[in-house]
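J.: only geometry, no sequence info:
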């Protein structure tokens, strides 16, 4: 006959087996594409509006920064503004990153480490390896984007300034210090061809504008910044944000003077093909 003790032991064992069979609660998921998009746009806003589709993912990041004592609770609101940029930069520095690796723009490694035990990542972004291509430094993602724009255009661009070139041209104001930024020649092109070139670049995920001598101390050229490149310098990141907000990417933050297209990243363009 079973004793009370044996029934208790059996009950505890059964309960333990049931608990062991129950999977641990899944961690929430942060969409890295949404986080990086917000980190480009929100610091350039005049208000604390939230970039559509980014709130839940940004909140996960902000709550993790808050838990590490890097962000005040009042700013864990789904808006990736300047306070969150500063907090994320502090997180990057705590990992030993410096310079262009600690600008507050989330990269795949720092974001994964921030999420340990709190959230997992989906739609992970990476600029890929850096190489010299057509005589200039460029990362794999930017190279693929330019090649696709050339395929659509039916013409090859001439690159006059590449990425990862700090101090190469003072008139660039630091936009080429990191990844994703290119200057392209327009010599010999008609006005229609120049506009078509900017359009194709925008269609594959660049913030791109035709620059003219009346705007600054430079010749006619196209300036292009790869949206959502996690290696963007801070000035290039600001240009990306201004492009999303309908501006020209210049210091005067004037209205966008380029052809209007649906604004997409390289990843969004690829998914829509």
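T.: Arrived safely. Computed from a predicted structure; not experimentally measured.

J.: quick one: low-confidence ranges for this structure?
T.: Where the chain drops to pLDDT under 70, the residues are 1-24.

J.: let's see it at 80
T.: Within the chain, the segments meeting pLDDT under 80 span 1-24, 168-171.

J.: Tell me where it has strands.
T.: Along the chain, the segments classed as strands by DSSP state E run 29-31, 120-122, 130-133, 136-139, 159-161, 181-185, 206-211, 221-226.

J.: want to throw those strands into a markdown table with distance to residue 93 and mean neighbour count?
T.: Any C-beta I mention is one placed from the backbone N, CA and C, and that applies to glycine too. As requested, those are exported to a markdown table (distance: least, CB to CB, whole Å; neighbours: other CB atoms under 10 Å):
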| stretch | distance to residue 93 | mean neighbour count |
| --- | --- | --- |
| strand 29-31 | 21 | 20 |
| strand 120-122 | 21 | 15 |
| strand 130-133 | 22 | 14 |
| strand 136-139 | 23 | 22 |
| strand 159-161 | 29 | 19 |
| strand 181-185 | 23 | 23 |
| strand 206-211 | 27 | 25 |
| strand 221-226 | 25 | 27 |
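
J.: can you list the ones you listed in a markdown table and add distance to residue 68?
T.: Output for these, formatted as a markdown table (distance: least, CB to CB, whole Å):
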| stretch | distance to residue 68 |
| --- | --- |
| strand 29-31 | 15 |
| strand 120-122 | 17 |
| strand 130-133 | 30 |
| strand 136-139 | 29 |
| strand 159-161 | 38 |
| strand 181-185 | 31 |
| strand 206-211 | 32 |
| strand 221-226 | 30 |
